[in-house]
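J.: Build the 3D model from these lines:
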Amino acid sequence: LFQPESLLIITQSYYIIMDTTNTESEREEEYETFRLNETDSVVADVVQRLHETKPIRIRFSFAFSLTTEDIHKLVDALPHAIQELCFEHCQCSFMKICLTRLKSTRIQRLALTGNDIDDELIQAVGELLQADQGLRQVELKHNSLQRDGATAMANGIANHSTLQTLDLSDSMVNNAGRDALIKAMFTNNSIKVLSLAGKMFDGSPTAHGIGNMLRANKTLQDLDLQRNRISKSELLDIASALSKNRSLRWLHL
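T.: Model prediction:
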């Protein structure tokens, strides 16, 4: 999706700067690796590298034992021009503060995969979506969304103008949250790829109906419902809706 100038990967044990300004296929990517330790100088080094390289793609991985002071130093150093920010197995307090910082950026891709995030953090993602600042891709795979968080997400996507991909695959969402998300897709006119694969449906009919969503939505092209227990009546309604839908190209069941 993006052709980044640099990628910064930060983990609990090391961080890597990857320079991709040269796009020649035969050239191997160059990495600079710095070992982390328990001293204050490590955070200072990371902050310095953020200021020097201003990467537009950053991934934080296994970032747990960060103090509040360290979190604020790292967040304050995030480049304003950042386009992609990914979290993998990070502490919620760190991610929440990062999301607050993102409200002043033009972030395009946000990924929070497998972070066991709480409802408050999901609501923060929803608020970021409601700001409608240019997000194109949101990934919340392998998480748990409660009703309030899923409702905030639904409010964020209902009239979003730029979001193209929403991935909630293998996330636990209760029926009320699931139904709110489906209802939001009735009015969304930007999302082209939606993944609700795995654990989203328990066999009970949805309140608003996937079929009705497909009848109302005019832009969705790829819908993933794999590894779910979808009721027979809902499947029949989906089949009926496909005769009216003109945008959907791929349906995964």
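
J.: going forward, measure contacts and count neighbours with C-alpha atoms only.
T.: Noted.

J.: would you list every one of the helices in the stretch 51-200 of the chain?
T.: All helices of the stretch 51-200 of the chain, identified by DSSP state H, counting those that start in this stretch, fall at 68-76, 92-102, 119-130, 147-157, 175-184.

J.: Mean confidence (pLDDT) on the helix or strand in which residue 233 is found, please.
T.: Following DSSP states H and E, one finds residue 233 within helix 232-242. For helix 232-242, mean pLDDT rounds to 92.

J.: Which elements pack onto that helix?
T.: helix 210-216 (3 or more C-alpha pairs under 8 Å, 6 or more residues apart in numbering; DSSP states H and E).

J.: Contacts for the helix it packs on, please.
T.: 182-183, 185-187, 234, 237-242, 244-245 (C-alpha atoms under 8 Å, 6 or more residues apart in numbering).

J.: who wins for most neighbours among those?
T.: Within these, neighbour counts (other C-alpha atoms under 10 Å) peak at residue 185, which reaches 25 neighbours.

J.: That residue and residue 100: what is the separation?
T.: From residue 185 over to residue 100 the distance is 26 Å, taken as C-alpha to C-alpha, to the nearest Å.

J.: likewise residue 55?
T.: From residue 55 to residue 100 the distance is 19 Å (C-alpha to C-alpha).

J.: Would you mind telling me which of these two has the busier surroundings?
T.: Shown here are residue 55 and residue 100; by other C-alpha under 10 Å, residue 55 has more neighbours (25 against 15).

J.: Starting from residue 83, give me the distance back to that one.
T.: Between residue 55 and residue 83 the computed distance is 9 Å (C-alpha to C-alpha).

J.: what does residue 173 give?
T.: In this structure, residue 173 and residue 83 are 28 Å apart, going by C-alpha to C-alpha.

J.: Next: residue 242.
T.: Applying C-alpha to C-alpha, the value for residue 242 to residue 83 is 35 Å.

J.: now the stretch 1-150 of the chain, which segments are flagged as low pLDDT?
T.: Scanning the stretch 1-150 of the chain for pLDDT under 70 picks out the ranges 1-41.

J.: and if we set it to 90?
T.: Confidence mapping of the stretch 1-150 of the chain against pLDDT under 90 gives the ranges 1-71, 73-75, 77-84, 86-94, 100-107, 113-120, 130-134, 142-149.

J.: so where do the strands sit in it?
T.: Taking DSSP state E, counting those that start in this stretch, the strands of the stretch 1-150 of the chain run over residues 6-11, 14-19, 30-35, 57-61, 84-88, 109-113, 137-139, 144-145.

J.: what packs against the shortest one?
T.: The elements that strand 144-145 packs onto, with contact taken as 3+ C-alpha pairs under 8 Å, 6+ apart, are strand 172-173.
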